[in-house]
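*Asks:* Build me a model from this:
(2 chains)
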Amino acid sequence: NAGVTQTPKFQVLKTGQSMTLQCAQDMNHNSMYWYRQDPGMGLRLIYYSASEGTTDKGEVPNGYNVSRLNKREFSLRLESAAPSQTSVYFCASSEALGQGTLEQYFGPGTRLTVT
Amino acid sequence: QKEVEQNSGPLSVPEGAIASLNCTYSDRVSQSFFWYRQYSGKSPELIMSIYSNGDKEDGRFTAQLNKASQYVSLLIRDSQPSDSATYLCAVKVDNRLAFGKGNQVVVIP
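*Replies:* Below is the predicted model:
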């Protein structure tokens, strides 16, 4: 099992460009998440999907959109990138949110720089 | 008040010693608590989960939970250089995990 995979690993964008970060999991998990991690700020939740067909905002959703394409895949889109979106982005997955435990497993991350 | 706080600065411990990390949380109804290890440049890796008051041991790691005092701790026994990493405390709040900012541990050979 590959677990959680993310593409690309690195990306440099110019201000105003758009891009989509891809995430897939092969653990048959129902819930998926997108985080960003910045120095001194810790991990912050951008969006999550409790189950296929649903998405919800997290702590820092502005400037992002998501799509839960199917049970395996959850993508994050930056429509018009800004330097403030320079960060490391992690995708994670877990079994159903309603189970209570919420053990999350993370992908390797995408390092994004916006100039 | 922050949801999850890890206030200690970098922790340096000699090889073979015990490293002790603490975390406090603000939501009294939280029921699920986790410790993640993150090596520099890598993603967080789940190392411990704990749901009941008391201690939970897994190899050289022991998680301790005290819901009345709203803290959770992690002990690393017989610390090894490979334990040098940042340790993140996470607490389930509603339908998400709230993370602390992490504590860096450096094990000195």
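*Asks:* and chain B, which of its residues are near chain A?
*Replies:* B:31-32, B:34, B:42-46, B:49, B:51, B:88, B:90, B:92, B:95-97, B:99-102 (CB under 8 Å from any CB of the partner chain). C-beta: built from backbone N, CA, C; applies to glycine.
*Asks:* Report whether stretch A:47-61 contacts chain B.
*Replies:* Yes. Under the criterion of CB under 8 Å from any CB, chain B is reached by stretch A:47-61 at A:48, A:50, A:56, A:58.
*Asks:* How far away from the center of its chain is the lowest-mean-pLDDT helix or strand in chain B?
*Replies:* Scoring the helices and strands of chain B by mean pLDDT, DSSP states H and E places strand B:96-99 at the bottom, with a mean of 89. Distance of strand B:96-99 from its chain centroid, counting by CA atoms, centre = their mean, to the nearest Å, is 13 Å.
*Asks:* what's it packed up against?
*Replies:* Using 3 or more CB pairs under 8 Å, 6 or more residues apart in numbering or on different chains; DSSP states H and E, the elements in contact with strand B:96-99 are strand A:42-49, strand B:85-93.
*Asks:* Who are the packing partners of the next helix or strand after the first one?
*Replies:* Which is strand A:42-49. For strand A:42-49, the following helix or strand on the C-terminal side (DSSP states H and E) is strand A:56-57. Applying 3+ CB pairs under 8 Å, 6+ apart, we find strand A:56-57 packed against strand A:42-49.
*Asks:* That'll do, ta.
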